[in-house]
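A.B. asks: Quick check, what structure comes out for this input:
(one chain, ligands or ions: 2)
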Amino acid sequence: MSFTISLPSDAHDALIQARIDSKTKPPGALGMLERLALQAARALGPEQPRVERPRLLVFAGDHGVSDEGVSIAPSIVTTQMVSNFLAGGASVNVFARQAGLPVTVVDCGIRVPVEDERIINHRLGAGTAAIHLAPAMSEAAMQEGLANSRRLIGTLKAEGTNVIALGEMGIANTTASSALLAALTGAPVSDCTGRGTGIDAPTLLRKKAVIRQALQRHQTALDQPETLLATLGGFEIVGLVGAILAAAEAGMLVLIDGFIVTVAAAVACAMVPQARAWLIFSHCSDERGHQLALDWLEAEPLLSLGLRIGEGSGAALALPLLHAALAFYNDMATFEQAGVTV
Ligand SMILES: Cc1cc2ncn([C@H]3O[C@H](COP(=O)(O)O)[C@@H](O)[C@H]3O)c2cc1C
Ligand SMILES: O=C(O)c1cccnc1
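C.D. replies: Numbering: from 1, shown residues only. Ligands and ions are numbered 1, 2, ... in the order given. As a prediction, this is how the structure comes out:
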């Protein structure tokens, strides 16, 4: 599947920068908020840019490799957490509520589905194959996953959404993400792999061994980003990659969450580099490999809170900063209006 992504227009950059510089503050004094305002005004338009109907999408999927004991939790916890998201009780729900951000759960292929009509059904199977033994999924399943996300983003676009925030749930998905990151960047497995949910030292050794085995087994299939994604990814990671590419194609800003969503962003940008300009990096988590992934993307995260949770929690926490950037851009007095002379 090919995505046609334009770069946001830079035609108004001089106007946008002049407006930022006209505000009653020392030049550059709002730091990263100024860079965020420039990015957002480019993407959403220079005149009164506003966040419209923002939505947070949590993509869920299970991983065959979870049977190797690479997480603190068994895969049934994915299902239980999906129920928790629907009940509004998870960390992402609490922060999203504060930010006025509706949460939608997309089931991309958890092992034990939850019957609830609010869930968007993008199931590609009941969990992926264990990546150290077989490719995670077929190329066809991956293509179907990308198409599903593109359809969903099309619906949101038609409803007027111009900003989406992304999250995920899938026990063992830091294993898949670390494998993807190592394959994509060529960085050592030990630099790309962390404790995820908080595994102990012996489990971390096992997790790294599983990842090395997966990279070794599939080494001939890892040079193209799409095959790499099908071989080592997860159903929810495919959903994320599709959502990132489709949102960029539709001219939406995308709030990227923690390690897993950042790795999905890296894969998406390897597929279509123009996607990068539409992404806002919410935070740097404590997961080993997240900083490496952000560096590879030349991304400057807004927050560093020591989170290690995923779900979209950090993306929800970052939305108020996007509001703040647009509020100062739209509403702060200029030197002329306030009669301030420097
Ligand atoms: C109760 C619970 C809630 C979570 N919420 C997010 N994750 C996070 O943990 C998983 C990734 O870590 P690993 O690769 O070590 O399994 C993902 O599902 C992620 O979203 C959770 C994990 C648990 C156990
Ligand atoms: O940064 C993340 O997304 C993350 C880190 C640890 C566990 N789950 C998710």
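
A.B. asks: tell me the contacts of I164?
C.D. replies: P54, R55, L56, L57, I153, L156, A243, A247, M252, L253, V254, L255 (C-beta atoms under 8 Å, 6 or more residues apart in numbering). In this view, the C-beta of every residue, glycine as well, is placed from N, C-alpha and C.

A.B. asks: from what I can see L294 touches L279, true?
C.D. replies: No - contact criterion C-beta atoms under 8 Å: L294 and L279 do not qualify, at 10.8 Å.

A.B. asks: Just confirm yes or no for the helix or strand encompassing T203 near ligand 1.
C.D. replies: Remark: T203 resides in helix 201-217, with elements defined by DSSP states H and E. No - using C-beta under 6 Å from any ligand atom, helix 201-217 stays clear of ligand 1, coming no nearer than 8.1 Å.

A.B. asks: out of the contacts of I164, which one sits closest to ligand 2?
C.D. replies: Set against ligand 2, the nearest of those by C-beta to the nearest ligand atom is L255 (13.1 Å).

A.B. asks: How about the secondary structure of that closest one?
C.D. replies: strand (DSSP: H, G, I helix; E, B strand; the rest coil).

A.B. asks: OK, contacts around T24?
C.D. replies: So T24 contacts M332, A333, T334, F335, A338, V340 (C-beta under 8 Å, 6+ apart).

A.B. asks: Backbone dihedrals for it, please?
C.D. replies: Torsion angles at T24 (phi, psi; degrees, to the nearest 10) stand at phi -80, psi 80.

A.B. asks: confidence score at it?
C.D. replies: pLDDT for T24: 98.

A.B. asks: Same question for R150.
C.D. replies: Looking at R150, its pLDDT reads 98.

A.B. asks: distance between the helix or strand that contains it and the chain's centre?
C.D. replies: Element membership of R150 [criterion: DSSP H and E] is helix 139-158. Centroid separation between helix 139-158 and its chain, computed with C-alpha atoms, centre = their mean, to the nearest Å, is 15 Å.

A.B. asks: same question, stretch 278-294
C.D. replies: 9 Å.

A.B. asks: any bit of that stretch sitting next to ligand 1?
C.D. replies: No - residues of stretch 278-294 contacting ligand 1 under C-beta under 6 Å from any ligand atom: none, with a closest distance of 8.4 Å.

A.B. asks: That stretch: end-to-end distance?
C.D. replies: With C-alpha to C-alpha, to the nearest Å as the measure, stretch 278-294 spans 15 Å from end to end.

A.B. asks: Could I get the average pLDDT for it?
C.D. replies: Regarding stretch 278-294, the rounded mean pLDDT is 98.

A.B. asks: what does stretch 245-255 give?
C.D. replies: 98.

A.B. asks: for that stretch, the distance to its chain's centre please.
C.D. replies: Computed by C-alpha atoms, centre = their mean, the chain-centroid distance of stretch 245-255 equals 11 Å.

A.B. asks: and if you look at stretch 109-118?
C.D. replies: Taking mean C-alpha positions (C-alpha atoms, centre = their mean), stretch 109-118 and its chain are 21 Å apart.

A.B. asks: quick one: is that stretch near ligand 1?
C.D. replies: No - applying C-beta under 6 Å from any ligand atom, one finds stretch 109-118 separated from ligand 1 by no less than 10.3 Å.

A.B. asks: With just CA atoms, put that stretch into CSV.
C.D. replies: C-alpha atoms of stretch 109-118 as CSV (Å, rounded to 0.1, in the frame of the first residue of the first chain):
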residue,chain,number,x,y,z
GLY,A,109,-5.9,-8.9,17.0
ILE,A,110,-5.9,-9.6,20.7
ARG,A,111,-6.0,-13.3,21.7
VAL,A,112,-9.3,-13.2,23.6
PRO,A,113,-11.6,-10.5,22.2
VAL,A,114,-13.9,-8.4,24.3
GLU,A,115,-17.5,-8.2,23.1
ASP,A,116,-18.4,-4.5,23.1
GLU,A,117,-19.8,-2.5,20.3
ARG,A,118,-17.6,0.5,21.1
